[in-house]
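Engineer: the sequence and its predicted three-dimensional model are supplied below.
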Amino acid sequence: MEKEEHLFERLARKRNITVEEMRAIISARIEKGMNDPNPEKRAQWEKIPHAGDTPTPDEWLQYVINWMEKKGCVAYEDEVW
């Protein structure tokens, strides 16, 4: 049975970088959003449930998945609609 590929693995492979580098990129984007000077944008990032001061890439991903499910988005093998 083939191991299911994690989204971060797929993104890293497509960019020819390591998973750790991909997580660092996502973490940097989360950090930037959490510190955005626009309070409305910051408030959006604060909605992401997180155990620490800043959401982890996995907490962000789980939030996005939950949001998509609530919006009725359907995930196919290679695409999200």
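Structural biologist: Looks like it came in fine. Numbers count the residues shown, from 1 in each chain.

Engineer: against which helices or strands is the worst-scoring helix or strand of the chain on mean pLDDT packed?
Structural biologist: When each helix and strand of the chain is scored by mean pLDDT, DSSP states H and E, helix 57-70 comes last, with a mean of 91. Contacts of helix 57-70 with other secondary structure elements, assessed using 3 or more C-beta pairs under 8 Å, 6 or more residues apart in numbering; DSSP states H and E, are made with helix 7-15, helix 19-34. C-beta: built from backbone N, CA, C; applies to glycine.

Engineer: for the most centrally placed residue in the chain, what are its contacts?
Structural biologist: With distances taken as C-alpha atoms, centre = their mean, the residue of the chain nearest its centroid is residue 61 (3.5 Å). For residue 61, the residues meeting the contact criterion (C-beta atoms under 8 Å, 6 or more residues apart in numbering) are 7, 8.

Engineer: return the distance of it relative to residue 73.
Structural biologist: Residue 61 is 14 Å from residue 73, where distance means C-beta to C-beta, to the nearest Å.

Engineer: what's the answer for residue 36, then?
Structural biologist: Plainly put, residue 36 is 25 Å away from residue 73 if you go by C-beta to C-beta.

Engineer: same question for residue 54.
Structural biologist: From residue 54 over to residue 73 the distance is 25 Å, taken as C-beta to C-beta.

Engineer: and for residue 38?
Structural biologist: On the measure of C-beta to C-beta, residue 38 and residue 73 end up 26 Å apart.

Engineer: more neighbours, these two?
Structural biologist: For residue 38 against residue 73, the residue with the higher neighbour count under other C-beta atoms under 10 Å is residue 73, and the figures read 12 against 9.
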